[in-house]
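Engineer: sequence plus predicted model, see below.
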Amino acid sequence: SNRLGIYSMSLPPFFVKPLPFTVIDVNNEISSNPAQNLSDFHYAGATWKTSGANAKWIIGDLGSAVAVDFLGTLSANADSGTNYLFALGTTAMNGIGTGASYTSGTLPFISPALTTRTLYHSHLEIGTPQTYRYFNYYVSSHTGDFEAAFLVVGKKIAPARYYDNDYERGFEDLSRFDLGRNGVPDIAYGSVLPSIKFSLSWLSESEHEDYIDPLLKACGTTEPLLLCFDPAATTSRQQRTFFGRLAASKRGQRRHFNVWQRDFEIFSLI
């Protein structure tokens, strides 16, 4: 058991690199905010927005059969009654998952319940990876227009151990403030992004070489990914969910026999 890890967090963090997908059908979208924006992972302002309180669904194509064990809907204007359903299959299904090979069933969007935020993230961990090409995403019981920034479909990468007590969490202010020679302020307003800095210092050799290195190579400095820093089902999980670009050490550090360390920092778009 992770006896030392309980002093820093209840569960180890995990990463998910979002799989690209194409929306092949949708029943509710406005022209300025199409559902395909859910897979535009670079811009949080490009959202899927629906019109009215009718049921909302999309049918997605992952391009080929790939393993999936996580779904996250990020920065959505969910309310206390909003539900969703996620389904996977070998062929394109109808909008509510009929004939699916896997279905999550209807789940509450905000879980655990929390009513102190403007935007919310959903969180679905599938115990056994499901390998299929097509998916349905269905939102129900939502009051009014529904809007969300990203739909993260993919497979988790998580260390078996997390023993680090020290990490830094805060915000990265992209604004600029300068004073001219006569004391006149020069202000450039910018976003204030949530940020986190931490280390994975007990990676096994196989974790480092088979999972973390390939993840960092695939993302580079341009491709965003999801980080859930403490996936325990508490209300705090909302603010411990990050989506952005990782700044990681360019080289893994070998600490002991079969023990490696990687340092990470993320600036989040959500």
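Structural biologist: Noted; the coordinates are in hand. Numbers count the residues shown, from 1 in each chain.
Engineer: please make it C-alpha for all contacts and neighbour counts, starting now.
Structural biologist: Will do.
Engineer: count the neighbours of residue 256 for me.
Structural biologist: By other Cα atoms under 10 Å, the residues close to residue 256 number 10.
Engineer: what residues are up against residue 123?
Structural biologist: Going by Cα atoms under 8 Å, 6 or more residues apart in numbering, residue 123 touches 70, 71, 72, 73, 109, 111.
Engineer: in strands only, show me these.
Structural biologist: 70, 71, 72, 73 (DSSP state E).
Engineer: wait, isn't the last one in contact with residue 154?
Structural biologist: No. The pair formed by residue 73 and residue 154 falls short of the contact definition of Cα atoms under 8 Å, at 11.9 Å.
Engineer: stretch 140-151: end-to-end distance?
Structural biologist: In stretch 140-151, first residue to last residue: 16 Å (Cα to Cα, to the nearest Å).
Engineer: give me the buried positions along that stretch.
Structural biologist: 140, 141, 142, 145, 146, 147, 148, 149, 150, 151 (16 or more other Cα atoms under 10 Å).
Engineer: who touches that stretch?
Structural biologist: The contact list for stretch 140-151 (Cα under 8 Å, 6+ apart) reads 37-41, 44-56, 71-79, 81-84.
Engineer: of the residues you listed, buried ones?
Structural biologist: Neighbour counting with 16+ other Cα under 10 Å marks 37-41, 44, 46-50, 54-56, 71-79, 82-84 as buried within the contacts of stretch 140-151.
Engineer: now, these that are in helices?
Structural biologist: If you go by DSSP state H, the buried ones among the contacts of stretch 140-151 have nothing in helices.
Engineer: longest helix in this protein, by residue count?
Structural biologist: Longest helix in the chain, counting by DSSP H: helix 213-219.
Engineer: now for that one, which elements pack on it?
Structural biologist: For helix 213-219, not one helix or strand is in contact under the criterion 3 or more Cα pairs under 8 Å, 6 or more residues apart in numbering; DSSP states H and E.
Engineer: quick one: buried residues of the following helix or strand past it?
Structural biologist: As assigned by DSSP states H and E, the chain's next helix or strand after helix 213-219 is strand 225-228. The neighbour-count check on strand 225-228 (16+ other Cα under 10 Å) flags 225, 226, 227, 228 as buried.
Engineer: just stretch 193-210 next, same as before
Structural biologist: 193-204, 207-208.
Engineer: in JSON lines: these, plus secondary structure, pLDDT and distance to residue 182.
Structural biologist: Compiled in JSON lines, the buried residues of stretch 193-210 are given as follows (DSSP: H, G, I helix; E, B strand; the rest coil; pLDDT from 0 to 100; distance: Cα to Cα, whole Å):
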{"residue": "193", "secondary structure": "strand", "pLDDT": "82", "distance to residue 182": "31"}
{"residue": "194", "secondary structure": "strand", "pLDDT": "84", "distance to residue 182": "34"}
{"residue": "195", "secondary structure": "strand", "pLDDT": "88", "distance to residue 182": "34"}
{"residue": "196", "secondary structure": "strand", "pLDDT": "88", "distance to residue 182": "37"}
{"residue": "197", "secondary structure": "strand", "pLDDT": "89", "distance to residue 182": "38"}
{"residue": "198", "secondary structure": "strand", "pLDDT": "88", "distance to residue 182": "41"}
{"residue": "199", "secondary structure": "strand", "pLDDT": "85", "distance to residue 182": "44"}
{"residue": "200", "secondary structure": "strand", "pLDDT": "84", "distance to residue 182": "48"}
{"residue": "201", "secondary structure": "strand", "pLDDT": "84", "distance to residue 182": "49"}
{"residue": "202", "secondary structure": "strand", "pLDDT": "82", "distance to residue 182": "53"}
{"residue": "203", "secondary structure": "strand", "pLDDT": "83", "distance to residue 182": "54"}
{"residue": "204", "secondary structure": "strand", "pLDDT": "86", "distance to residue 182": "57"}
{"residue": "207", "secondary structure": "helix", "pLDDT": "86", "distance to residue 182": "56"}
{"residue": "208", "secondary structure": "helix", "pLDDT": "85", "distance to residue 182": "54"}
